[in-house]
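Trainee: this one's sequence-less:
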DNA sequence: TAGCTAATGTACGAAACAGTTCGTTAGTAA
DNA sequence: TTACTAACGAACTGTTTCGTACATTAGCTA
């Protein structure tokens, strides 16, 4: 082939931009890993969908394993930073909890790829998170907010005692996560699309109702 | 090597047992797929851990894809048959729902491999279930039971109106499923093992409390 | 403007892996 | 006891896939 009309590399001049190349690899890798799982993802496929080559993946990330770890770290970081922004502590406890649950709900709905990545990481028993170091301790802010709201609610007698912040977070997350992560098998088995646009508002309210009902129910104390 | 001491094939005589060979492949395949995911699972590895060869996998199952589908079908069938056995409709609605939730809880706890298979199938967007045919319609009995209990509860005024059986099933499943499926990332991020033996009773009760609180809360009617 | 280095591309190697070919043997029925 | 078939095994094939060796160039600095 001659030098006429190279489609991707317009003009023979090769542009060098480390930051952009790295970011592009990361973005494409996120999609590919979410699409096919860790083992199913193809390094060649990631490279092909980038404006650079496979060589660069190994140059910047070292290998497939570390690339996946980086993908996870960046995905989690994105989430956490958004969680920081929300300010619900000025609301009364019941409204604050409901708002928090709805934000979690919206968040899961908006990031199905992230849900897939977390599912994949669980199949691999969180070995990449464990080997990361960066992750692990930046989850406390979300729990701290929950903790303060629960304290306030208990103080004014709205919430029954004995509910732990981490447990409540697990409860909220489980509903939101399952609805997205298991929508395919659930849809196939029960004939209902949990993520259908027409159902969204109902499930959003259902989550809030469930959490508030649990927190305000008569008593289910420590034991 | 001479004919002295073959470890696996004791005595030169080869035993032929189609049913056993097929069952053994299925059992090993279930473990392997659950361990490594669909793409991560190795046909050679499955064969190696069987008393037969890879040839037999293709002889009985046709290929990797169909083997996985068969694994899924058998896993689901096992579950469903156990669900049939339970008889809770003689209990009063509140006790019946709580018992049903606890059975789901125990069931998820006892079958982590099944949870992993379902997670994996969701990564693949339930394509194997869709292509199965066998599955799909045998989920209704569980929903039917729930439906009758909800009706009875509403009739005697114990439950508030407007709660759908499939939705309630999703609520119960989400809590039980998440606790097992996401235990690794949750543990790594929040420092709590959701499946620790010491916590099991608390989470079991928490689930029941949550569901009953939701069903008996004042009103969160149809809209 | 010469030279240096970070950044990039090409081409290839070696192993892993799904699936197949060909031949063999156990059990059964005539 | 022969003949037939379902059940089985060993070895092989073609391809995919991760990773690397080697060559090249953009852009900055002395």
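Mentor: Received, thanks. Please read these numbers as outputs of a predicted model, since none were measured by experiment.

Trainee: could you give the number of residues near the closest residue to residue A:64 other than its chain neighbours?
Mentor: Spatial nearest neighbour of residue A:64, excluding adjacent residues (CB to CB, 6 or more residues apart in numbering or on different chains): residue A:43 at 5.5 Å. Any C-beta I mention is one placed from the backbone N, CA and C, and that applies to glycine too. If you count neighbours by other CB atoms under 10 Å in any protein chain shown, residue A:43 ends up with 16.

Trainee: report the helix or strand with the lowest average pLDDT across chain A.
Mentor: helix A:64-85 (a mean of 91; mean pLDDT, DSSP states H and E).

Trainee: the helix or strand following it and chain B, are they touching?
Mentor: Going down the chain from helix A:64-85, the next helix or strand is helix A:93-110, by DSSP states H and E. No - Helix A:93-110 lies out of reach of chain B by CB under 8 Å from any CB of the partner chain, never closer than 11.3 Å.

Trainee: so the very next helix or strand once past helix A:93-110, near chain B or not?
Mentor: Remark: after helix A:93-110, the chain's next helix or strand is helix A:112-123, criterion DSSP H and E. Yes - against chain B, helix A:112-123 shows contacts by CB under 8 Å from any CB at A:116, A:118-123.

Trainee: repeat for stretch A:124-133
Mentor: Yes - judged by CB under 8 Å from any CB, stretch A:124-133 comes into contact with chain B through A:125-126, A:129-130.

Trainee: list the contacts for residue A:156?
Mentor: By CB atoms under 8 Å, 6 or more residues apart in numbering or on different chains, the contact list for residue A:156 reads residue A:93.

Trainee: how close does it sit to chain B?
Mentor: 19 Å (CB to the nearest CB, to the nearest Å).

Trainee: okay, that residue: pLDDT?
Mentor: With respect to pLDDT, residue A:156 has a value of 94.

Trainee: with adjacent residues omitted, what lies nearest to the residue sitting nearest the centre point of chain A?
Mentor: Nearest to the mean C-alpha position of chain A, by CA atoms, centre = their mean, lies residue A:114 at 4.1 Å. Excluding its sequence neighbours, the residue lying closest to residue A:114 (CB to CB, 6+ apart) is residue A:75, at 5.1 Å.

Trainee: what is the neighbour count of that neighbour?
Mentor: 20.

Trainee: before we move on, what about residue A:70?
Mentor: Neighbour number of residue A:70 under other CB under 10 Å is 21.

Trainee: how about the contacts made by it?
Mentor: A:26, A:29, A:61.

Trainee: again, but for residue A:125
Mentor: residue B:184.

Trainee: how close does it get to DNA strand D?
Mentor: 19 Å (CB to the nearest atom of the strand, to the nearest Å).

Trainee: dihedrals phi and psi, that residue?
Mentor: phi 60, psi 40 (degrees, to the nearest 10).

Trainee: who in chain A is up against DNA strand D?
Mentor: Residues of chain A lying near DNA strand D by CB under 7 Å from any atom of the strand: A:12-16, A:41-44, A:54-55, A:58, A:63-65.

Trainee: do that again at 10 Å, thanks
Mentor: A:9, A:11-17, A:32, A:36, A:38-47, A:53-59, A:61-68 (CB under 10 Å from any atom of the strand).

Trainee: out of the contacts of residue A:70, which is most surrounded?
Mentor: residue A:29 (25 neighbours).

Trainee: that one: what's it in contact with?
Mentor: So, once contact is read as CB under 8 Å, 6+ apart, residue A:29 ends up touching A:41, A:46, A:57, A:67-68, A:70-71.

Trainee: among these, which are in reach of DNA strand C?
Mentor: residue A:57.

Trainee: where neighbours are concerned, which of the contacts of residue A:29 has the most?
Mentor: Going by other CB under 10 Å, residue A:71 tops the contacts of residue A:29 with 27 neighbours.

Trainee: residues near residue A:64, how many?
Mentor: So residue A:64, with other CB under 10 Å, has 18 neighbours.

Trainee: many thanks, we can stop here.
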